[in-house]
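Q: Mind looking at a prediction? Sequence and model below.
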Amino acid sequence: MAGVTTTLGGAAGELSDEQKRYLEGFMSGVQIGRLSPLKAAADTGRAEPEPVGPDAAGFTAQDRFLRDGKKLSDPEKFKREQHPFDGYERLKEQARNNAPPPAADNFRWRFFGLFYVAPAQTSYMCRLRLPNGMLRYHQFAGLADLAERYAGSYAHITTRANIQMREIEPKSTVALLEAIQDLGLCSRGSGADNIRNVTGTPTAGIDPVELIDTRLYAREWHFHILNDRSLYGLPRKFNVAFDGAGRIPVLEDTNDIAFAAVSVRAGFGVDAGVGFKVGVGGITGHKDFARETGVVVKPAEATFVADAIVRVFIDHGDRTNRLKARLKYVLDEMGVDKFMALVEEKLGRKLTRIPSEAIEPRPVFDRLAHIGVHKQKQDGLNWIGVVLPVGRMSPAQMRGLAKIAGDLGDGDIRLTVWQNLLISGVADDNVALARAAIEQLGLAVKASSLRAGIVACTGNTGCKFAASDTKSHGNTIVEWCEGRVAIDGPLNIHLTGCHHSCAQHYVSDIGLLAARVATNEEGDTVEGYHIYAGGGFGPNIGLGYEVYRDVKAEDAPRVVEGLLKAYLAHRDSVDETFLAFSRRYDAEALKKLVDMAAVA
């Protein structure tokens, strides 16, 4: 402080020692004021009031990390500075100015279901919330109009049985959000650190083999989330699925909470009947399935148990490292037993645990039941699974499908995690007419195993994380292989654009993970993939293993063809699935079989 002059006390000159101490204390106080309330309280020794209100649990969790001297991740800072739902007026101002969002708002607006996806596209993507993947025909037709008016005149069905629209200019965001609500739908909480779209069995209520109609429970949980602000702003995204034990898989074991319908046998000290088995921590992009808890809950208790699980996650999830902020890592740190004990504390009671031998085997999946005509449990009625190549639809196709569902079906549109949809309640006498009408739209109700089992994420045409154009490459692989390999059983080929694995490449028969592949020593690259085999779900649960690395996208169709030809040439019998075949070999052995098939 030497050499500083002042007019304190009315005279210019050097500061006295007392004045220097005052000024040092003054500046120290200013610096403290710039810190977080918790840090300031710690430095001054003053007790800071506990956070209150619906966001209190999240702030309390953040404060615990700050108290330990750690830094919050940027999204946590954004949420602390302003809750996204409190910024709607600023979103409207950006829409009036047709302005892209700054980084903080790009995160916040995802709470409304809006994702600004530059540099892939200099526009927004909007994702909906559709509990159990269901909506009515008039809503589906209304979304077609919105895709045409505000977006890029197409829509995608996602791998969470949802719908998203793309190429939305900033000026159209608010009009689109409000028009979605006019349809009786919403997009709230479908992105960022929230509980995402609630999936359920697409044939709920109409499936001849199901144990539980999941619609009631998926909708109850959906509205529970929508109407409780304290369930927004989790440490990271969170997925919940309800499997009613129907014929179409839901991939519930890839979710943070997996509710799987089971039939409990008598004689094990608990009530016999149907309940939901509870699994936690599934995230196959991080190579983990939902872990068994031993807990089975009555269906009416599902929402209460899910609420408690989420609140324990809010309390203990990482707020500093986004890569370690999913539920899986909480379980890795404390273990399932301790975690479930905390869930029971939230509930205020013990949960019922049932030994595995008390549970009846699940009704078997039909891996092709999402395509074609299938009998419902209701006499004389059918569901029709429509083929949508890698989930893409035009507005004209959407309006046409809506009319078919309204005129010839029961009016429901049912989306699946396999990126297609079902039209239900079609009378036997109307099946032929419905099929013909679907074909008039340029779509189909019959497909090869390859076409029926292809799944692809958005890819680099619409996602900044993706390294390859997955949807285009997926179609190319199917077109190439269909004319060269006669696959006579179910087969899944999943293409995902990045490590987030939105298309679940680890659980497919053949999985492709996008990568940039070097073409020379100067570092030039092209689109390509690492190729996996041997992934499965449900009774065949398991992660795929890497067979080929750094395959150029242009070569991927021939590599997949080679895998399929090796399978047909070397399977034990016509009944052996590709999955069973691929699990008999390691990567090197499988590649040798592919080479042999190519020579032959």
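A: Arrived safely, thanks for sending. All values reported here derive from a predicted model rather than from experimental measurement.
Q: Pick out the least confidently modelled helix or strand of this protein, by mean pLDDT.
A: The weakest-scoring helix or strand in the chain, judged by mean pLDDT, DSSP states H and E, is strand 5-6 (a mean of 42).
Q: Quick check: chain neighbours aside, which residue is closest to Tyr548?
A: Excluding the flanking residues, the one nearest Tyr548 by CB to CB, 6 or more residues apart in numbering is Ile531, at 4.2 Å. The way it works is simple: take the backbone N, C-alpha and C, and place the C-beta from them, glycine included.
Q: The helix or strand harbouring that neighbour: what's the following helix or strand?
A: Take DSSP states H and E as the rule and Ile531 turns out to sit in strand 525-533. Next helix or strand after strand 525-533 toward the C-terminus (DSSP H and E): strand 545-552.
Q: Next, the buried residues of that following strand.
A: 545, 547-548, 551-552 (16 or more other CB atoms under 10 Å).
Q: cool, and stretch 253-268?
A: By 16+ other CB under 10 Å, the buried positions in stretch 253-268 come out as 253-264.
Q: okay, which residue is most central for the chain?
A: For the chain, the residue sitting closest to the mean C-alpha position, by CA atoms, centre = their mean, is Arg160 at 5.6 Å.
Q: Which of the three states applies to the residue lying closest to it once chain neighbours are set aside?
A: Spatial nearest neighbour of Arg160, excluding adjacent residues (CB to CB, 6+ apart): Asn197 at 4.8 Å. Secondary structure, DSSP: H, G, I helix; E, B strand; the rest coil: Asn197 is coil.
Q: need the contact list for Asn197.
A: For Asn197, the contact set (CB atoms under 8 Å, 6 or more residues apart in numbering) comprises 127-131, 133, 158, 160-162, 190.
Q: Val517 reaches Glu527, doesn't it?
A: Yes. If you go by CB atoms under 8 Å, Val517 and Glu527 touch, sitting 7.3 Å apart.
Q: can you list residues touching both of the two?
A: By CB under 8 Å, 6+ apart, Val517 and Glu527 have these common neighbours: Lys552.
Q: ok, then the element right after the helix or strand encompassing Val426?
A: Following DSSP H and E, one finds Val426 within strand 421-427. Later in the chain than strand 421-427, the nearest helix or strand by DSSP H and E is helix 431-440.
Q: I'd like to know which elements that next one is packed against.
A: Helices and strands touching helix 431-440, as assessed by 3 or more CB pairs under 8 Å, 6 or more residues apart in numbering; DSSP states H and E, comprise strand 381-386, helix 395-408.
Q: same thing but at 10 Å, please
A: Packed against helix 431-440 by the contact rule (3 or more CB pairs under 10 Å, 6 or more residues apart in numbering; DSSP states H and E) you find strand 372-375, strand 381-386, helix 395-408, strand 421-427.
Q: how about the third one: buried residues?
A: So the one you mean is helix 395-408. Applying 16+ other CB under 10 Å to helix 395-408 flags 395, 397-406, 408 as buried.
Q: want to throw the helices and strands packed on helix 431-440 into CSV with distance to Lys464 and mean pLDDT?
A: Shown next, in CSV, are the helices and strands packed on helix 431-440 (distance: least, CB to CB, whole Å; pLDDT from 0 to 100):
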stretch, distance to Lys464, mean pLDDT
strand 372-375, 37, 98
strand 381-386, 30, 98
helix 395-408, 26, 98
strand 421-427, 28, 98
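Q: Just put the ones you listed in a markdown table and tack on distance to Leu331.
A: As requested, the helices and strands packed on helix 431-440 are exported to a markdown table (distance: least, CB to CB, whole Å):
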| stretch | distance to Leu331 |
| --- | --- |
| strand 372-375 | 37 |
| strand 381-386 | 35 |
| helix 395-408 | 40 |
| strand 421-427 | 34 |
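Q: Pro54 is nearest to which of those?
A: strand 421-427 (35.5 Å; CB to CB).
Q: Give the pairing partners of that closest one; include direction for each.
A: Looking at strand 421-427 with DSSP bridges, its partner strands are strand 381-386 (antiparallel), strand 412-415 (antiparallel).
Q: These: which one's closest to Gly113?
A: That would be strand 412-415 among the strands paired with strand 421-427, by CB to CB, at 16.0 Å.
Q: Is Ser153 in a helix, a strand, or coil?
A: On the basis of three-state DSSP, Ser153 is classed as coil.
Q: What residues sit buried inside stretch 142-159?
A: Quick answer for stretch 142-159 (16+ other CB under 10 Å): 142-144, 146-148, 150-151, 154-159.
Q: quick one: it to chain centroid distance?
A: Relative to the centre of its chain, stretch 142-159 is centred 19 Å away, using CA atoms, centre = their mean, to the nearest Å.
Q: Inside strands: which ones of the contacts of Asn197?
A: If you go by DSSP state E, the contacts of Asn197 have Arg127 in strands.
Q: out of the contacts of Asn197, which are buried?
A: Neighbour counting by 16+ other CB under 10 Å classes 127-131, 133, 158, 160-162, 190 among the contacts of Asn197 as buried.
Q: Would you verify that His499 is located in a strand?
A: No. Applying three-state DSSP, one finds His499 to be coil, outside a strand.
Q: Just list the residues touching it, thanks.
A: 285-286, 323, 465, 467, 505, 513-515 (CB atoms under 10 Å, 6 or more residues apart in numbering).
Q: re the thing from before, and of the buried residues of strand 545-552, the nearest to Val297?
A: Among these, Tyr545 lies closest to Val297 (CB to CB), at 34.6 Å.
Q: So for the helix or strand encompassing Val312, mean pLDDT?
A: Assigned by DSSP H and E, Val312 belongs to helix 302-316. In this model, helix 302-316 has a mean pLDDT of 98.
Q: Check which helices and strands that helix sits against.
A: In terms of contacts (3+ CB pairs under 10 Å, 6+ apart), helix 302-316 is packed against helix 56-67, helix 215-226, strand 240-243, strand 257-264, strand 273-280, strand 291-297, helix 327-334, helix 336-347.
Q: roughly how far out does the third one sit from the chain middle?
A: Computed by CA atoms, centre = their mean, the chain-centroid distance of strand 240-243 equals 12 Å.
Q: Quick check: buried residues in stretch 453-466?
A: Buried, per 16+ other CB under 10 Å, within stretch 453-466: 453-463, 466.
Q: what about it, how long is it end to end?
A: 21 Å (CA to CA, to the nearest Å).
Q: Residue numbering should commence at 11 henceforth.
A: I'll keep to 11 as the first residue from here, and by that count the last item is stretch 463-476.
Q: quick one, strands of the stretch 11-160 of the chain?
A: Here the stretch 11-160 of the chain has its strands, by DSSP state E, counting those that start in this stretch, at 15-16, 23-24, 124-126, 134-137, 144-146.
Q: now those as CSV including distance to Ala114?
A: Listed next are these as CSV, based on distance: least, CB to CB, whole Å:
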stretch, distance to Ala114
strand 15-16, 39
strand 23-24, 45
strand 124-126, 12
strand 134-137, 16
strand 144-146, 32
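Q: Alright, that wraps it up for me.
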